[in-house]
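Any chance you could fold what I've pasted below:
(2 chains)
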Amino acid sequence: EAEVAQSPRYKITEKSQAVAFWCDPISGHATLYWYRQILGQGPELLVQFQDESVVDDSQLPKDRFSAERLKGVDSTLKIQPAELGDSAMYLCASSLSGTANTEAFFGQGTRLTVV
Amino acid sequence: DAKTTQPPSMDCAEGRAANLPCNHSTISGNEYVYWYRQIHSQGPQYIIHGLKNNETNEMASLIITEDRKSSTLILPHATLRDTAVYYCIVFTSGTYKYIFGTGTRLKVLA
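Numbers count the residues shown, from 1 in each chain, chains lettered A, B, ... in the order given. Prediction:
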């Protein structure tokens, strides 16, 4: 069964350092989402891509976060510089078309700890 | 964006049906109801979705009221592995994104 791949699974970084997460969606999926999940809360959408274009990044802290999906396939989320409050699970999801009747599938996430 | 309301926690005996309610009174006519669950430290897992008709798959059944203001996810024979946080989501038309709430923490008891 096809899966959304994320790496690394775990990352520990010092504050003020740069950190990057990678996501490979299910083949053929045009829509890609990045979510952040703080312990005890539901996932919060950071950015949404349709192919290589950003559809929604209204909740992305653009002073330190960036996301790209250059060829409309895999995607990278970067934080620079990392802050203690960035400690969270970062989840990637993809769906075939992003329309209302197509489900999204999530990866296992990257758990970031900033020390 | 249509909001959902779920009880924060529920218990269910192993082997019994688990019925998880969700209120979405501001849902629009073309917005779908989705259910996901998240087992500890894993990514959310898709369960089922529907528009107005009841739906069933190998994991669960989804019952949507006629006025579409609420729905119930039914796990027919809960097992210990069904212990998880269950999220009810209204897929937002227009922006096409999933807005998660805080979900229902279901504990299946042996």
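
what's the closest non-adjacent residue to residue A:41?
Leaving aside its chain neighbours, residue A:41 sits nearest to residue B:102 (6.6 Å; criterion: C-beta to C-beta, 6 or more residues apart in numbering or on different chains). C-betas here are computed from N, CA, C, even on glycine.

actually residue B:5, sorry about that
If the residues on either side of it in the chain are set aside, residue B:5 comes closest to residue B:23, at 4.3 Å by C-beta to C-beta, 6+ apart.

swap in residue B:21?
residue B:72 (5.3 Å).

circling back to that earlier point, shouldn't the residue nearest to residue A:41 be in contact with residue A:38?
No. Look at residue B:102 against residue A:38 with C-beta atoms under 8 Å: they stay out of range, at 11.3 Å.

So what pairs up with residue 13 in the strands?
Using chain A. Listed beta-bridge partners, residue A:13: residue A:114 (assigned using DSSP bridges).

sorry, should have said chain B
What pairs with residue B:13, by the bridge criterion (DSSP bridges), is residue B:109.

so who does residue 43 touch?
Picked chain A for this. Each residue near residue A:43 by C-beta atoms under 8 Å, 6 or more residues apart in numbering or on different chains is listed here: A:35-37, A:91, B:44, B:100.

Not quite, go with chain B.
Applying C-beta under 8 Å, 6+ apart, the residues near residue B:43 are A:4, A:91, A:93, A:106-109.

Who are the contact partners of residue 98?
By default, I'm working from chain A. A:30-31, A:48, A:50, A:55, B:96.

To clarify, I was referring to chain B.
Applying C-beta under 8 Å, 6+ apart, the residues contacting residue B:98 are A:33, A:45, A:93, A:104, B:34, B:36, B:89, B:91-92.

ok, what's across the strand from the residue nearest to the spatial centre of chain A?
For chain A, the residue lying nearest the average C-alpha position, counting by C-alpha atoms, centre = their mean, turns out to be residue A:34 (2.9 Å). As for beta bridges, residue A:34 partners with residue A:47, residue A:92 under DSSP bridges.

Would you verify that residue A:85 is located in a helix?
Yes. Read with DSSP: H, G, I helix; E, B strand; the rest coil, residue A:85 is one of the residues of a helix.

so who does it touch?
Residue A:85 neighbours (C-beta under 8 Å, 6+ apart): residue A:114.

how far away is it from residue A:2?
Going from residue A:85 to residue A:2 by C-beta to C-beta, to the nearest Å gives 34 Å.

for residue A:107, same thing?
For residue A:107, the distance to residue A:2 equals 11 Å [C-beta to C-beta].

which one of these two has more residues nearby?
residue A:107 (24 against 11; other C-beta atoms under 10 Å in any protein chain shown).
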